[in-house]
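Chemist: Got a predicted structure here, sequence first:
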Amino acid sequence: MDNFQRYRVACTLSFGDIYGQIIVWLGVIFASLAAALALSVSRPIYALASVGLILVLSLPFLLFSFVTTLLNHIELKAVDGETEQVSPSVQAQRPAQAVS
């Protein structure tokens, strides 16, 4: 129990990783708005309902893709206590401590 391994958490996510997802989602939104605009002439209630339905159905998929992309870019690295290389910005931070 006294031999706990220390780990460093690093996030390597960049904007380029989610850029494609944002473009696809914007395409879906613009397509639904175009369809609603075409439908609004004859049936405005159906146009509003279709935009709302597409937004409600597409947001969970967008959230799922963002979260899974984020989780795929989190790295855990084992850190040896004696040979630990700490950058100056990390060195200035104090670790969290439990209050007893």
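Modeler: Happy to help now that I have it.

Chemist: hmm, who's touching stretch 30-49?
Modeler: Stretch 30-49 has contacts (CB atoms under 8 Å, 6 or more residues apart in numbering) with 50, 51, 54, 55. Heads up, the C-betas are built off the backbone N, CA and C, glycines and all.

Chemist: where along the protein do the helices fall?
Modeler: 15-39, 44-72, 88-91 (DSSP state H).

Chemist: tell me, which of the ones you listed is the model least confident about?
Modeler: For these, mean pLDDT drops lowest on helix 88-91, to a mean of 52.

Chemist: Identify the residue nearest the geometric centre of the chain.
Modeler: residue 66 (3.4 Å; CA atoms, centre = their mean).

Chemist: returning to that earlier point: ok, so of the contacts of stretch 30-49, who is nearest residue 73?
Modeler: Nearest to residue 73, judged by CB to CB, of those is residue 55 at 26.8 Å.

Chemist: Can you give me the neighbour number for that closest one?
Modeler: Counted with other CB atoms under 10 Å, the neighbours of residue 55 add up to 12.

Chemist: And it, how far from residue 36?
Modeler: The gap separating residue 55 from residue 36 is 11 Å, by CB to CB, to the nearest Å.

Chemist: Now residue 50. Nearest residue, chain neighbours left out?
Modeler: In space, and not counting its chain neighbours, residue 50 is closest to residue 36: 5.6 Å by CB to CB, 6 or more residues apart in numbering.

Chemist: hang on, the earlier thing: which of the helices of the chain sits closest to residue 5?
Modeler: Between residue 5 and those, the shortest gap by CB to CB is with helix 88-91, which sits at 18.2 Å.
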